[in-house]
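A predicted structure for the sequence below; I have some questions about it.
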Amino acid sequence: MNDEEMMKSAGSEDAWLLVAVSTAGGTDSLRVHVWRKLRGLGAVYVQQSVCLLPDRPPVAGAVRKLVDKVRAEGGTARCLHVRLSDPVERGELIGEFRQAVTVEYGEVLERLPAFFTEIETETAKGRTTFAEVEESEADLARFEAWVAKIAARDYFAAPIGAEVRAELDRARKALKVFEAAALAAETTPDTGSGRGPVRLRAVEGHRL
């Protein structure tokens with residue numbers, strides 16, 4: 001499926017939401033909430049307090065809840081369904097959305113190498129332990145959550161997204177290898193001392 005087909009399956013390119021929000025009269029926490037919510041949706045601002053978002057059911061639902069909250073807490077808000085018939089204007093807007101997520105995906109690609117380096121370093125030092133595996137799992141989970149948030153606002157399939165997903169898959173595979181090494185290190189008997197596997201006394205002394 002090419003980019004055009006992916007966009008058509010996700011929603012019409014010329015259907016948009018024009019969102020105007022003012023938190024004047026509201027609380028500081030409301031202002032922060034509005035900023036975080038619209039930023040999380042990936043809104044592109046056309047002027048102060050006025051932004052555009054693709055008109056898609058999940059996005060429209062989130063914006064409607066935001067509008068209701070703003071109005072309930074003393075601010076003013078409006079969401080209009082508009083259509084962009086000018087292909088040039090529409091193309092430029094889509095380009096802005098793609099560029100925004102491309103920058104974010106780029107930050108992920110800049111930081112992911114540290115994940116692989118950490119695993120390689122710990123493996124080389126012989127520190128393939130359960131604790132290190134848990135730490136790497138937590139790091140990978142943070143990357144996955146980060147990418148999931150970016151992907152949710154990647155409405156027009158920025159090409160770099162495929163590269164990020166491939167690197168995340170490579171990170172998962174590297175973690176599995178590291179986990180297998182840790183399992184082997186912690187369950188293989190220590191034959192160097194001649195003592196053989198350690199047996200628990202409580203189990204050893206119990207005869208079935």
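Sure, I can see it.

can you pull the domain assignment for this structure?
Per automatic domain parsing, the structural domains of the chain span 3-85, 90-187.

residue 16 - that's part of a helix, no?
No - per DSSP: H, G, I helix; E, B strand; the rest coil, residue 16 lies outside any helix segment and is strand.

in TSV: the domains of the chain, plus mean neighbour count and mean pLDDT.
In short, each C-beta sits where N, CA and C put it, glycine included. Formatted as TSV, the domains of the chain follow (neighbours: other Cβ atoms under 10 Å; pLDDT from 0 to 100):
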stretch	mean neighbour count	mean pLDDT
domain 3-85	15	89
domain 90-187	15	96
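
distance from the strand or helix carrying residue 103 to the middle of the chain?
Residue 103 belongs to helix 87-124 when assigned by DSSP states H and E. Centroid separation between helix 87-124 and its chain, computed with Cα atoms, centre = their mean, to the nearest Å, is 10 Å.

and the angle for the next helix or strand after that helix with helix 87-124?
On the C-terminal side of helix 87-124, the closest following helix or strand by DSSP H and E is helix 130-152. With axes from the mean of the first three to the mean of the last three Cα atoms, to 10 degrees defining the directions, helix 130-152 sits at 180 degrees from helix 87-124.

on that earlier part again, elements contacting the helix holding residue 103?
Other helices and strands packing on helix 87-124, by 3 or more Cβ pairs under 8 Å, 6 or more residues apart in numbering; DSSP states H and E, are strand 44-47, helix 130-152, helix 160-187.

no further questions, thank you.
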